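> predicted model follows, preceded by the sequence.
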Amino acid sequence: MKLLVLPGDGIGPEITSATLDVVRKADALFKLKLDLESREIGLKSLASEGTTLPEGVMKAIRAADGVVLGPLATYDYPAKEQGGLNPSAELRIGLDLYANVRPAKSRLGVGLTGKPVDLVIYRENTEGFYADRNMFQGIGEFMPTEDMALSIRKVTARACERIARRAFEAALRRRKKVTAVHKANVLKLSDGLFLREVRKVARDFPGVELEEIIVDAMAALLLRDPMRFDVVVTENMYGDILSDEASELSGGLGLGGSINAGDEHCVAQAQHGSAPDIAGKGIANPASLILSVAMLLEWLGARHRKENLQTAAKSMEAAVDAVLKDPSGRTRDLGGKLSTRSSRRQWLRIFDRNSWARSERGVPKKSSFFASSTILPASMKMTRCATLRAKPISWVTTIMVMPSLASWTMTSSTSLIISGSSAEVGSSNSMAIGSMQSARAIATRCCWPPES
């Protein structure tokens, strides 16, 4: 399994090096058979190739199973026409990485306010006010005159629906609550469309509570009562800002893991920036990137049905918690004295010393970030059909029997034929049959990410 490593700018090479040492240790312990390849992007490739994202690197990204992306100094890049592409934005659009998943968890015991934090933000990643990614051609920001600048906000029903669905699926595996953050009192059309789609998805998850909160109130409530929130779903800019706030409350951006994921690709990317003021000093905290790579391994484990990848992910996260539990094991941004190199040694010692990394305690439950869409409340009877051809049972579309449902829907990749008391669900490669007993049915994919 190939992981493409892009160290990036500023402190990127330092924290990426430390992270890869931890990944190699996990690779050896859990027999992951990872193939790690590094390529240059950002300011280094700009100097050598005239662009911050060479075409050859983009081809390698598409061919890789997963990507590890270091921090980027995008503010220092020249204009796009002069080679200053934003690799993060290019990947999100080019690979359709529509879900930016950012957990915030108080790993030091309590958050900065003395209150525990345990939530995850699902941020729509491809639209909104972000001018470098919301237009087919050109950018969504322009100046009609030298004294006027305009920005265009893009919101589509499709993007809102799929990020909402991912959030509700995650809530099923957590505390069964989704908070939709908006500003529909002012942005009545665009945020109104977002809320419309969220409410539609909510009807498919009757066991999950939905609350709706205006974004400015959300910023205040995060400070006052962070444990009120479980899964938060929101548009691009709100999610960007609120996830930084949540991470700071939970202990700092240096502890914030993050992935940018779609249905086919996933990129691990630390929440923090390139920190040019401390670059080269050897004091950067690699925890955020380590946690991000753990999330990437968990995503890959779900996609490829490889338990050892998910076990390694949980063990990497547990190792971070074990190191941070001792104040002497913290870097300077967390009030400790360790350098980047010293903190790396701490994590490697944890792996070597603790047998839990290979024990049942290291074996994860199903992913809390990408919960299977077939996990439903007990009130919904669900029947998995038997496959008639070569595809494994886990691939076969699930039929969920819902007698009270007035209508049914299906994915575009699945055909559903209702006939009397039975139904056939099929694709070009497989066929399944299940009893319906004159009930209606919903056909869905078994999980997200879709299994390869």
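Alright, I've got the coordinates. Numbers count the residues shown, from 1 in each chain.
> so where's the stretch 301-450 of the chain uncertain?
For the stretch 301-450 of the chain, the stretches with pLDDT under 70 are 352-448.
> for the spatially most central residue of the chain, give me its contacts.
By Cα atoms, centre = their mean, the chain has its centre lying nearest to Val101, at 3.0 Å. Taking Cβ atoms under 8 Å, 6 or more residues apart in numbering as the criterion, Val101 is in contact with 120-123, 166, 258-259, 261, 295, 369. Any C-beta I mention is one placed from the backbone N, CA and C, and that applies to glycine too.
> does it lie in a helix or a strand, and which?
Element membership for Val101 (DSSP states H and E) is strand 99-105.
> orientation of the next helix or strand after that strand relative to strand 99-105 in degrees?
On the C-terminal side of strand 99-105, the nearest following helix or strand under DSSP H and E is strand 118-124. In terms of direction (axes from the mean of the first three to the mean of the last three Cα atoms, to 10 degrees), strand 118-124 departs from strand 99-105 by 160 degrees.
> strands paired with strand 118-124, and their directions?
strand 99-105 (antiparallel), strand 231-234 (parallel) (DSSP bridges).
> deepest-packed of these, please.
When the strands paired with strand 118-124 are scored by mean count of other Cβ atoms under 10 Å, the highest mean neighbour count falls to strand 231-234 (a mean of 29).
> what pLDDT, on average, does that one get?
For strand 231-234, the mean per-residue pLDDT is 98.
> got the CA coordinates for it in PDB?
In PDB, the C-alpha atoms belonging to strand 231-234 read as follows (Å, rounded to 0.1, in the frame of the first residue of the first chain):
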ATOM      1  CA  VAL A 231     -20.700  15.800  15.700                       C
ATOM      2  CA  VAL A 232     -20.800  19.300  14.100                       C
ATOM      3  CA  VAL A 233     -21.600  19.700  10.400                       C
ATOM      4  CA  THR A 234     -21.100  23.000   8.600                       C
END
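> I'd like to check what contacts that strand. Which residues are they?
The contact list for strand 231-234, computed with Cβ under 8 Å, 6+ apart, reads 119-124, 163-164, 167-168, 170-171, 174, 177-182, 198, 215, 218, 239, 242.
> and stretch 166-178, how far out from the chain's middle?
14 Å (Cα atoms, centre = their mean, to the nearest Å).
> what about that stretch, start to end distance?
Using Cα to Cα, to the nearest Å, one end of stretch 166-178 lies 11 Å from the other.
> and what of stretch 298-309?
Using Cα to Cα, one end of stretch 298-309 lies 6 Å from the other.
> how close does Asn308 sit to Leu32?
6 Å (Cβ to Cβ, to the nearest Å).
> try Ile139
Distance from Ile139 to Leu32, by Cβ to Cβ: 40 Å.
> equivalent analysis for Ile152, please.
Using Cβ to Cβ, Ile152 is found at 43 Å from Leu32.
> and those two? which has more neighbours close in?
A count of neighbours by other Cβ atoms under 10 Å puts Leu32 above the other of Ile152 and Leu32, at 21 against 12.
> so that one, which state does it fall into?
Of the three states, Leu32 takes coil according to DSSP: H, G, I helix; E, B strand; the rest coil.
> which residues touch it?
Applying Cβ under 8 Å, 6+ apart to Leu32 gives the contacts 1, 26, 297, 308-309, 312.
> how about TSV for the strands paired with strand 118-124, with distance to Phe194 added?
Listed next are those as TSV, based on distance: least, Cβ to Cβ, whole Å:
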stretch	distance to Phe194
strand 99-105	15
strand 231-234	8
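> what's in contact with the helix or strand encompassing Ser247?
According to DSSP H and E, Ser247 maps onto helix 236-250. Helix 236-250 is contacted by residues 100, 102, 104-107, 111-113, 115, 117, 119, 121-130, 181-183, 215, 218-219, 222-223, 226, 232, 234, 253, 255-256, 258, 271 when judged by Cβ under 8 Å, 6+ apart.
> how about Glu317: what's its closest non-neighbour residue?
Spatial nearest neighbour of Glu317, excluding adjacent residues (Cβ to Cβ, 6 or more residues apart in numbering): Ala294 at 5.0 Å.
> next one, pLDDT for the one you found please.
pLDDT, read off for Ala294, is 96.
> circling back to that earlier point, how far does the helix holding Ser247 sit from its chain's centre?
Remark: helix 236-250 is offset 14 Å from the chain centroid, using Cα atoms, centre = their mean.
> that one versus strand 118-124: what angle between them?
Counting by the same axes, to 10 degrees, helix 236-250 points 160 degrees away from the direction of strand 118-124.
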